[in-house]
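> Give me coordinates for this.
(2 chains)
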There are 2 protein chains.
Amino acid sequence: MPTRPAVSADLDTIIELIHGLAEYEREPDAVKLDRAELADHLFGPRPFAEVLIAETAAGASAGFALFFHNYSTWEGRPGIYLEDLFVRPELRGQGFGKALLAAIARIARERKCARFEWAVLDWNQPSIDFYRALGAVPMDEWTTYRVAGDALAALANEPLRPV
Amino acid sequence: MPTRPAVSADLDTIIELIHGLAEYEREPDAVKLDRAELADHLFGPRPFAEVLIAETAAGASAGFALFFHNYSTWEGRPGIYLEDLFVRPELRGQGFGKALLAAIARIARERKCARFEWAVLDWNQPSIDFYRALGAVPMDEWTTYRVAGDALAALANEPLRPV
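The predicted model follows:
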């Protein structure tokens, strides 16, 4: 079976693959995760995300996908957001990436999701070509804005009452 | 108190505000939600999203925010994604939008979230200016891709094995 849901015994494999993805995205030092916290976030009582593992015929890990549910009020239905997709560079071109995407698409259909979405770095043309060939459409009109760190703390300290 | 978590008795107010947002985003016919399903998705055993309501001093609904958790593997922490933010047009400029964003920022800090994010339509310059003034940074390098409808069904039917 080429893909399967991850279990807690896969934790170190998942961490290794996350680091592999960060290297591919040219941000090798960006990964700050704590092993025990990740275990709790993925396999604890309130999971924040789900992971699929792609495996070779010999049972070695070839890649992973990490996803969670989002929600569309206009559709009135949940969707799936794919946060991470990674196949080991030496195992590319064999269909593991497509198998992971197809497995998540099946989960999306089973759970009556309206959409399956993910974000792509604009310079990553090989991935963009691959996703377009699968029927994915760019949401060109939208830009994501992020508040983090000191700006998040400052926003949290805004006065409670309308000003 | 200007903002509060929504309860199931707010369902019709939430639906009215969702339609108001769709009109503002120039997509008045885009809302397809089913009332009973939305009730289940927001207030059932497996909530997909949370809603805050902003209220006037007289207790009338002024606007709403709908959000859910995402997850960053690099941070190893959940984040908050704001799906909808809307203030009734006749009540703008009084701080309701900022009060909703600040309330979610506080929730993000309480829950040890790394980030608070949302997407903005590129033509919506007043909102972009407002968000930038709050310290929000555009994720300009990223574009979201979406698979839905027939393309999602086709992807789900891809062969299970690597090809």
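> going forward, measure contacts between C-alpha atoms and count neighbours the same way
Will do.
> quick one, helices of chain A?
A:11-24, A:35-43, A:96-110, A:125-133, A:149-156 (DSSP state H).
> most packed of the ones you listed?
Using mean count of other Cα atoms under 10 Å in any protein chain shown, the stretch among the helices of chain A with the largest mean neighbour count is helix A:96-110, at a mean of 22.
> which residues sit against that one?
A:2-3, A:52-54, A:62-65, A:79-80, A:85-87, A:114-116, B:152-153, B:155-162 (Cα atoms under 8 Å, 6 or more residues apart in numbering or on different chains).
> From those residues, which land in strands?
A:3, A:52-54, A:62-65, A:79-80, A:85-87, A:115-116 (DSSP state E).
> Looking at those, which is nearest B:Glu27?
A:Arg115 (17.9 Å; Cα to Cα).
> My read is that the closest one contacts B:Val147, right?
Yes: A:Arg115 sits in contact with B:Val147 when judged by Cα atoms under 8 Å, with a separation of 5.9 Å.
> Per-residue pLDDT of A:Val163, please?
Note for A:Val163: predicted pLDDT of 41.
> Next one: the nearest residue to A:Thr3 once chain neighbours are set aside from A:Tyr24, what distance?
The shortest distance from A:Thr3 to any residue other than its chain neighbours is 4.2 Å, reached at A:Ala54 (Cα to Cα, 6 or more residues apart in numbering or on different chains). Computed as Cα to Cα, to the nearest Å, the A:Ala54 to A:Tyr24 distance reads 18 Å.
> What of A:Gly95?
18 Å.
> likewise A:Pro2?
A:Pro2 is 22 Å from A:Tyr24, by Cα to Cα.
> can you pull the contacts of A:Gly20?
Counting by Cα under 8 Å, 6+ apart, A:Gly20 has contacts A:Phe86, A:Arg88.
> And the pLDDT for it?
As predicted, A:Gly20 sits at a pLDDT of 96.
> Ramachandran coordinates for A:Asp140?
According to degrees, to the nearest 10, the main-chain angles of A:Asp140 amount to phi -70, psi -20.
> and it, how many neighbours?
Counted by other Cα atoms under 10 Å in any protein chain shown, the residues lying close to A:Asp140 total 12.
> and the closest residue to it other than its chain neighbours, how many neighbours?
Spatial nearest neighbour of A:Asp140, chain neighbours left out: B:Thr143 (6.7 Å); criterion: Cα to Cα, 6+ apart. Neighbours of B:Thr143 under the rule other Cα under 10 Å: 20.
> Can you list the buried residues in stretch A:118-127?
A:Trp118, A:Ala119, A:Val120 (16 or more other Cα atoms under 10 Å in any protein chain shown).
> Need the residues that contact stretch A:136-148.
Contacts to stretch A:136-148, defined as Cα under 8 Å, 6+ apart, come from residues B:114-123, B:131, B:135-140, B:142-148, B:151.
> which ones among those are found in strands?
Judged by DSSP E, the subset of these located in strands is B:115-121, B:137-138, B:142-148.
> Centre-most residue in chain A?
Closest to where the C-alpha atoms of chain A average out (Cα atoms, centre = their mean) is A:Glu83, at 1.9 Å.
> Surely it is in contact with A:Phe64?
No: in this structure A:Glu83 lies outside contact range of A:Phe64 using Cα under 8 Å: 10.7 Å.
> quick one: pLDDT of A:Arg26?
pLDDT, A:Arg26: 85.
> Count the neighbours of it for me.
Count around A:Arg26 with other Cα under 10 Å applied: 9.
> Now it: phi and psi?
Per degrees, to the nearest 10, the backbone of A:Arg26 is at phi 70, psi 30.
> distance of it from chain B?
In this view, A:Arg26 and chain B are 13 Å apart by Cα to the nearest Cα, to the nearest Å.
> Also A:Phe48?
For A:Phe48 relative to chain B (Cα to the nearest Cα), the value is 6 Å.
> Would you mind giving both backbone torsions of that residue?
phi -100, psi -10.
> Look at it and say how many residues are nearby.
A:Phe48: 21 neighbours (other Cα under 10 Å).
> so what's it closest to, chain neighbours aside?
Here the residue nearest A:Phe48, using Cα to Cα, 6+ apart, is A:His41, at 5.5 Å.
> Quick one: residues contacting A:Gly63.
Neighbours of A:Gly63 in contact, by Cα under 8 Å, 6+ apart: A:Leu17, A:Ile53, A:Ala54, A:Glu55, A:Leu85, A:Phe86, A:Val87, A:Arg88, A:Phe96, A:Gly97.
> For it, list each beta-bridge partner.
Legend: beta-bridge partners of A:Gly63 under DSSP bridges are A:Ala54, A:Val87.
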